[in-house]
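*Asks:* Okay, predicted coordinates and the sequence, questions at the end:
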Number of protein chains: 2
Amino acid sequence: MLKNLFAAMPVDAAHEAFDDLLDVPGLRIERIVSHGQKSPSDFWYEQDEDEWVIVLQGSAALQVTGRNDLVMLAPGDHYWIPAGLRHRVHSTAQDGPTIWLAVHRS
Amino acid sequence: MLKNLFAAMPVDAAHEAFDDLLDVPGLRIERIVSHGQKSPSDFWYEQDEDEWVIVLQGSAALQVTGRNDLVMLAPGDHYWIPAGLRHRVHSTAQDGPTIWLAVHRS
């Protein structure tokens, strides 16, 4: 369990890194660090849990079913992904890490 | 409802500012901006809801029932406050805004 959001930043930029900050019944809060990763083509997340995400560093673009435009996330921008909403990560910043905070509610 | 965590920063440093980023049944996510404020002497929070807090800018010290030491929060540090845990804000940074993110679960 990560004690600080900015601690132990992953050095391996070849993979996204997922670390829990909190994991209690019904609520999990996770740090995600991306380095240009995106969802595979034609891969869509479709989750059983509600999720709220915020980008704190870097940037990202989400593709969401039912929207024609991309959801662009710069530092401080947040987005609510209710359970069942199909979405995928279209892109993340290429020039440095993108730090996300994700709140999962079950 | 605030669209970006860093947007519309309060200019009035005389009061703490509370703004929701998300408010759905069972889950509320709030930005708190402090400017040196602290809880009144002998005032203790004792909440019906679980709360998770993280400091993203500035600093804070929490006083928590059952702990002799203060919980010191620097940027990235987070803390879990289960329902019923008595706590108070002992201090926040005097030299600039302290930005908190608070996740309230009911």
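*Replies:* Done, it's in.
*Asks:* and stretch A:78-96, anywhere near chain B?
*Replies:* Yes: for stretch A:78-96, a contact with chain B is found by C-beta under 8 Å from any C-beta of the partner chain, at A:His78, A:Trp80. Where you see a C-beta, it was placed from the backbone N, CA and C, and this is true even at glycine.
*Asks:* ok, residues contacting that stretch?
*Replies:* For stretch A:78-96, the external contacting residues (C-beta atoms under 8 Å, 6 or more residues apart in numbering or on different chains) are A:34-39, A:43-55, A:57-65, A:70-71, A:73, A:98, B:3-5, B:21-22, B:24, B:29.
*Asks:* Now list the buried members of those.
*Replies:* Buried by 16 or more other C-beta atoms under 10 Å in any protein chain shown: A:34-38, A:50-55, A:57-64, A:71, A:73, A:98, B:4-5, B:21-22, B:29, out of these.
*Asks:* before we move on, the earlier item: out of the contacts of stretch A:78-96, name the ones that lie in strands.
*Replies:* A:34, A:50-55, A:57, A:60-64, A:71, A:73, A:98, B:21-22, B:24, B:29 (DSSP state E).
*Asks:* what distance separates the start and the end of stretch A:80-100?
*Replies:* From its first residue to its last, stretch A:80-100 covers 13 Å (C-alpha to C-alpha, to the nearest Å).
*Asks:* what does chain A have sitting close to chain B?
*Replies:* A:3-7, A:21-22, A:24, A:26-27, A:29, A:50, A:52, A:54, A:56, A:74-78, A:80, A:101, A:103, A:105.
*Asks:* rerun at 6 Å
*Replies:* A:4-6, A:21-22, A:27, A:52, A:76-78, A:80, A:103, A:105 (C-beta under 6 Å from any C-beta of the partner chain).
*Asks:* how about chain A, which residue sits the furthest from its center?
*Replies:* Most distant residue from the mean C-alpha position of chain A: A:Pro25, 20.6 Å away (C-alpha atoms, centre = their mean).
*Asks:* contacting residues for it?
*Replies:* Going by C-beta atoms under 6 Å, 6 or more residues apart in numbering or on different chains, A:Pro25 touches no other residue.
*Asks:* ok so, going back, just flag the most distant two among the residues of chain A next to chain B.
*Replies:* Maximum pairwise distance in the residues of chain A next to chain B, criterion C-beta to C-beta, is 25.5 Å, between A:Asn4 and A:Trp80.
*Asks:* dump the residue contacts of the closest residue to A:Leu21 other than its chain neighbours.
*Replies:* Distances taken as C-beta to C-beta, 6 or more residues apart in numbering or on different chains place A:Ile29 nearest to A:Leu21, at 4.6 Å, with adjacent residues excluded. Residues counted as contacts of A:Ile29 (C-beta under 6 Å, 6+ apart) are A:Leu21, A:Leu22, A:Val103.
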